[in-house]
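Enquirer: Below are the sequence and a predicted model; questions follow.
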Amino acid sequence: MIGRIRGILVEKTPGHALVECSGLGYEVDIPYTTFFHLPEAGQEVTLHTHFAVREDAQSLFGFALRLDRDLFRLLIKVNGVGPKLAIGILSGLDARQFIHCVEGRDIQSLVKLPGVGKKTAERLLIEMADRIKQLEGQFIPASAGSVTDTPQPVTSAHRPADEAEAALIALGYKPQEAERAIAKVAEEGMSSETLIRLALRNMIPA
(Lines give C-alpha, C1' and ligand atoms only; values in the text may rest on other atoms or scores of the structure.)
Protein backbone atom coordinates (compact mmCIF):
# COMPACT_ATOMS: atom_id res chain seq x y z
CA MET A 1 0.00 0.00 0.00
CA ILE A 2 1.32 3.44 -0.96
CA GLY A 3 0.12 5.73 1.81
CA ARG A 4 1.99 8.93 1.08
CA ILE A 5 4.04 10.43 -1.70
CA ARG A 6 6.44 13.36 -1.54
CA GLY A 7 8.30 14.76 -4.49
CA ILE A 8 8.39 17.46 -7.14
CA LEU A 9 5.13 18.45 -8.77
CA VAL A 10 5.86 18.12 -12.49
CA GLU A 11 2.40 18.78 -13.90
CA LYS A 12 -1.08 19.55 -12.61
CA THR A 13 -4.45 19.65 -14.29
CA PRO A 14 -7.94 19.54 -12.75
CA GLY A 15 -8.24 15.98 -11.50
CA HIS A 16 -4.65 14.88 -12.05
CA ALA A 17 -1.12 15.50 -10.81
CA LEU A 18 2.27 14.13 -11.88
CA VAL A 19 4.73 13.85 -9.01
CA GLU A 20 8.38 12.87 -9.50
CA CYS A 21 10.04 10.89 -6.71
CA SER A 22 13.57 9.52 -7.04
CA GLY A 23 13.40 9.71 -10.82
CA LEU A 24 9.98 8.05 -11.10
CA GLY A 25 6.90 9.99 -12.18
CA TYR A 26 3.68 9.00 -10.40
CA GLU A 27 0.37 9.83 -12.05
CA VAL A 28 -2.07 10.66 -9.27
CA ASP A 29 -5.83 11.14 -9.52
CA ILE A 30 -6.92 13.97 -7.24
CA PRO A 31 -10.22 15.65 -6.30
CA TYR A 32 -10.65 19.31 -7.17
CA THR A 33 -10.50 20.21 -3.48
CA THR A 34 -6.88 19.02 -3.54
CA PHE A 35 -6.09 20.58 -6.94
CA PHE A 36 -7.02 24.01 -5.58
CA HIS A 37 -4.22 23.74 -3.01
CA LEU A 38 -1.38 22.38 -5.14
CA PRO A 39 1.74 24.53 -5.39
CA GLU A 40 3.25 25.67 -8.68
CA ALA A 41 4.85 23.04 -10.90
CA GLY A 42 8.48 22.57 -9.93
CA GLN A 43 7.82 22.85 -6.20
CA GLU A 44 7.77 20.07 -3.62
CA VAL A 45 4.41 18.55 -2.74
CA THR A 46 3.22 15.89 -0.30
CA LEU A 47 0.03 13.93 -0.92
CA HIS A 48 -1.70 11.32 1.23
CA THR A 49 -2.51 8.48 -1.12
CA HIS A 50 -4.64 5.39 -1.68
CA PHE A 51 -3.43 2.72 -4.10
CA ALA A 52 -6.22 0.77 -5.81
CA VAL A 53 -5.59 -2.42 -7.77
CA ARG A 54 -8.14 -3.99 -10.11
CA GLU A 55 -7.86 -6.70 -12.73
CA ASP A 56 -7.69 -4.13 -15.52
CA ALA A 57 -6.03 -1.14 -13.84
CA GLN A 58 -3.87 0.21 -11.04
CA SER A 59 -4.70 3.71 -9.80
CA LEU A 60 -3.11 6.05 -7.28
CA PHE A 61 -5.40 8.61 -5.64
CA GLY A 62 -3.93 11.60 -3.82
CA PHE A 63 -5.26 14.07 -1.25
CA ALA A 64 -3.94 17.22 0.38
CA LEU A 65 -5.13 16.13 3.83
CA ARG A 66 -5.12 12.72 5.50
CA LEU A 67 -8.70 13.45 6.58
CA ASP A 68 -9.77 13.58 2.91
CA ARG A 69 -7.88 10.37 2.12
CA ASP A 70 -9.41 8.52 5.05
CA LEU A 71 -12.90 9.73 4.13
CA PHE A 72 -12.28 8.50 0.58
CA ARG A 73 -11.48 5.05 1.97
CA LEU A 74 -14.73 5.04 3.92
CA LEU A 75 -16.73 6.22 0.90
CA ILE A 76 -15.57 3.39 -1.37
CA LYS A 77 -16.87 0.91 1.19
CA VAL A 78 -20.41 2.18 0.63
CA ASN A 79 -22.44 -0.06 -1.65
CA GLY A 80 -22.49 1.42 -5.16
CA VAL A 81 -19.73 3.97 -4.54
CA GLY A 82 -16.50 3.28 -6.41
CA PRO A 83 -13.28 5.32 -6.52
CA LYS A 84 -14.46 7.49 -9.43
CA LEU A 85 -17.68 8.51 -7.67
CA ALA A 86 -15.83 9.02 -4.37
CA ILE A 87 -13.39 11.38 -6.12
CA GLY A 88 -16.39 13.20 -7.62
CA ILE A 89 -17.96 13.59 -4.19
CA LEU A 90 -14.73 14.98 -2.73
CA SER A 91 -14.37 17.31 -5.72
CA GLY A 92 -17.64 19.02 -4.84
CA LEU A 93 -17.36 18.80 -1.05
CA ASP A 94 -14.25 18.61 1.09
CA ALA A 95 -14.22 16.22 4.04
CA ARG A 96 -15.49 18.77 6.54
CA GLN A 97 -18.39 19.80 4.29
CA PHE A 98 -19.33 16.18 3.62
CA ILE A 99 -19.28 15.35 7.33
CA HIS A 100 -21.49 18.39 7.94
CA CYS A 101 -23.96 17.09 5.32
CA VAL A 102 -24.11 13.67 6.94
CA GLU A 103 -24.53 15.06 10.45
CA GLY A 104 -27.22 17.47 9.25
CA ARG A 105 -28.97 14.85 7.06
CA ASP A 106 -28.53 17.30 4.17
CA ILE A 107 -29.61 15.17 1.22
CA GLN A 108 -30.17 18.20 -1.04
CA SER A 109 -26.47 19.08 -1.16
CA LEU A 110 -25.54 15.47 -1.89
CA VAL A 111 -27.92 15.01 -4.81
CA LYS A 112 -26.41 18.08 -6.49
CA LEU A 113 -23.15 16.17 -6.85
CA PRO A 114 -22.69 14.57 -10.29
CA GLY A 115 -23.43 10.84 -10.21
CA VAL A 116 -25.24 11.00 -6.87
CA GLY A 117 -28.94 10.29 -7.19
CA LYS A 118 -31.48 10.30 -4.39
CA LYS A 119 -31.01 6.60 -3.58
CA THR A 120 -27.23 6.94 -3.45
CA ALA A 121 -27.51 10.07 -1.29
CA GLU A 122 -29.84 8.26 1.13
CA ARG A 123 -27.42 5.32 1.27
CA LEU A 124 -24.54 7.69 2.00
CA LEU A 125 -26.41 9.34 4.86
CA ILE A 126 -27.29 5.98 6.39
CA GLU A 127 -24.01 4.11 5.94
CA MET A 128 -21.69 7.03 6.67
CA ALA A 129 -23.48 8.16 9.83
CA ASP A 130 -21.50 5.74 12.02
CA ARG A 131 -18.38 5.52 9.87
CA ILE A 132 -17.51 9.21 10.06
CA LYS A 133 -17.02 8.76 13.81
CA GLN A 134 -13.75 7.06 12.87
CA LEU A 135 -12.53 10.43 11.60
CA GLU A 136 -12.97 12.32 14.87
CA GLY A 137 -9.86 14.26 15.84
CA GLN A 138 -8.43 14.25 12.31
CA PHE A 139 -8.97 17.90 11.43
CA ILE A 140 -5.31 18.21 10.48
CA PRO A 141 -4.02 21.41 8.86
CA ALA A 142 -1.90 21.15 5.75
CA SER A 143 1.75 20.77 6.73
CA ALA A 144 4.31 23.34 5.71
CA GLY A 145 5.86 22.57 2.36
CA SER A 146 3.15 20.12 1.30
CA VAL A 147 0.36 22.29 -0.04
CA THR A 148 -0.38 25.98 -0.06
CA ASP A 149 -3.43 27.75 1.28
CA THR A 150 -3.34 30.28 -1.54
CA PRO A 151 -4.67 28.90 -4.83
CA GLN A 152 -2.24 29.09 -7.71
CA PRO A 153 -3.22 29.89 -11.31
CA VAL A 154 -3.42 27.04 -13.80
CA THR A 155 -1.20 27.40 -16.83
CA SER A 156 -3.03 26.55 -20.03
CA ALA A 157 -2.90 27.34 -23.70
CA HIS A 158 -6.69 27.44 -23.79
CA ARG A 159 -9.08 30.08 -22.56
CA PRO A 160 -9.71 29.69 -18.81
CA ALA A 161 -13.47 29.42 -19.43
CA ASP A 162 -12.96 26.56 -21.88
CA GLU A 163 -10.70 24.70 -19.48
CA ALA A 164 -13.12 25.25 -16.60
CA GLU A 165 -16.04 23.94 -18.66
CA ALA A 166 -14.03 20.88 -19.69
CA ALA A 167 -13.14 20.21 -16.06
CA LEU A 168 -16.79 20.33 -14.96
CA ILE A 169 -17.78 18.02 -17.81
CA ALA A 170 -15.03 15.58 -16.79
CA LEU A 171 -16.43 15.70 -13.27
CA GLY A 172 -19.80 14.54 -14.59
CA TYR A 173 -21.83 17.65 -15.30
CA LYS A 174 -23.65 17.96 -18.62
CA PRO A 175 -22.08 20.38 -21.16
CA GLN A 176 -25.05 22.75 -20.90
CA GLU A 177 -24.84 22.75 -17.10
CA ALA A 178 -21.10 23.41 -17.20
CA GLU A 179 -21.47 26.24 -19.71
CA ARG A 180 -24.23 27.95 -17.69
CA ALA A 181 -22.35 27.55 -14.42
CA ILE A 182 -19.16 29.11 -15.81
CA ALA A 183 -21.01 31.92 -17.59
CA LYS A 184 -22.78 32.82 -14.35
CA VAL A 185 -19.55 33.47 -12.42
CA ALA A 186 -17.09 34.45 -15.16
CA GLU A 187 -15.37 37.82 -14.97
CA GLU A 188 -12.49 39.29 -16.96
CA GLY A 189 -9.09 38.00 -15.88
CA MET A 190 -10.28 35.00 -13.84
CA SER A 191 -8.14 31.86 -13.94
CA SER A 192 -9.71 28.50 -14.77
CA GLU A 193 -9.12 27.43 -11.17
CA THR A 194 -11.12 30.36 -9.82
CA LEU A 195 -13.92 29.71 -12.31
CA ILE A 196 -14.15 26.05 -11.31
CA ARG A 197 -14.17 26.90 -7.62
CA LEU A 198 -16.91 29.53 -7.94
CA ALA A 199 -19.02 27.39 -10.28
CA LEU A 200 -18.90 24.41 -7.91
CA ARG A 201 -19.69 26.67 -4.96
CA ASN A 202 -22.85 27.91 -6.71
CA MET A 203 -23.91 24.44 -7.80
CA ILE A 204 -23.35 22.88 -4.37
CA PRO A 205 -24.43 24.96 -1.37
CA ALA A 206 -21.89 25.25 1.44
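Expert: Here it is on my side, so go on.
Enquirer: Which residues are in contact with the most centrally placed residue in the chain?
Expert: Centroid-nearest residue in the chain: P31, 1.7 Å away (criterion: Cα atoms, centre = their mean). Counting by Cβ atoms under 8 Å, 6 or more residues apart in numbering, P31 touches G15, F63, D68, I87, G88, L90, S91. (Each C-beta comes from the backbone N, C-alpha and C, glycine too.)
Enquirer: Same list, these, but as a markdown table with pLDDT please.
Expert: Output for those, formatted as a markdown table (pLDDT from 0 to 100):
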| residue | pLDDT |
| --- | --- |
| G15 | 88 |
| F63 | 95 |
| D68 | 93 |
| I87 | 93 |
| G88 | 89 |
| L90 | 91 |
| S91 | 87 |
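Enquirer: Name the member of those with the shortest distance to V111.
Expert: G88 (12.8 Å; Cβ to Cβ).
Enquirer: Distance check, the closest one against V81.
Expert: 10 Å (Cβ to Cβ, to the nearest Å).
Enquirer: In the protein, which helix is the longest?
Expert: The helix that spans the most residues within the chain, counting by DSSP state H, is helix 118-131.
Enquirer: Quick check: buried residues in it?
Expert: Neighbour-count burial for helix 118-131 flags T120, A121, R123, L124, L125, E127, M128, R131 (criterion: 16 or more other Cβ atoms under 10 Å).
Enquirer: Could you single out the nearest of the residues you listed to M203?
Expert: Closest approach to M203 among those (Cβ to Cβ): A121, at 15.0 Å.
Enquirer: Quick check, that closest one in contact with V111.
Expert: Yes - under the criterion of Cβ atoms under 8 Å, A121 makes contact with V111 at 4.9 Å.
Enquirer: Just the mean pLDDT for stretch 17-33, thanks.
Expert: In this model, stretch 17-33 has a mean pLDDT of 93.
Enquirer: how long is that stretch end to end?
Expert: End-to-end distance for stretch 17-33, by Cα to Cα, to the nearest Å: 13 Å.
Enquirer: Quick check: closest non-adjacent residue to A129.
Expert: Nearest non-adjacent residue to A129, counting by Cβ to Cβ, 6 or more residues apart in numbering: V102, 6.0 Å away.
Enquirer: now swap in S22 and tell me
Expert: Computed as Cβ to Cβ, 6+ apart, the closest residue to S22 that is not its neighbour in sequence is G7, at 7.6 Å.
Enquirer: what do you get for V19?
Expert: In space, and not counting its chain neighbours, V19 is closest to G7: 4.6 Å by Cβ to Cβ, 6+ apart.
Enquirer: how would you label that neighbour: helix, strand or coil?
Expert: In three-state terms, and counting by DSSP: H, G, I helix; E, B strand; the rest coil, G7 is strand.
Enquirer: Could you give the bridge partners of it?
Expert: Going by DSSP bridges, G7 is paired in beta bridges with V45.
Enquirer: so what's the nearest residue to C21 once chain neighbours are set aside up against?
Expert: Once flanking residues are discounted, C21 sits nearest to G7: 3.6 Å by Cβ to Cβ, 6+ apart. By Cβ under 8 Å, 6+ apart, the residues touching G7 are V19, E20, C21, S22, Y26, E44, V45.
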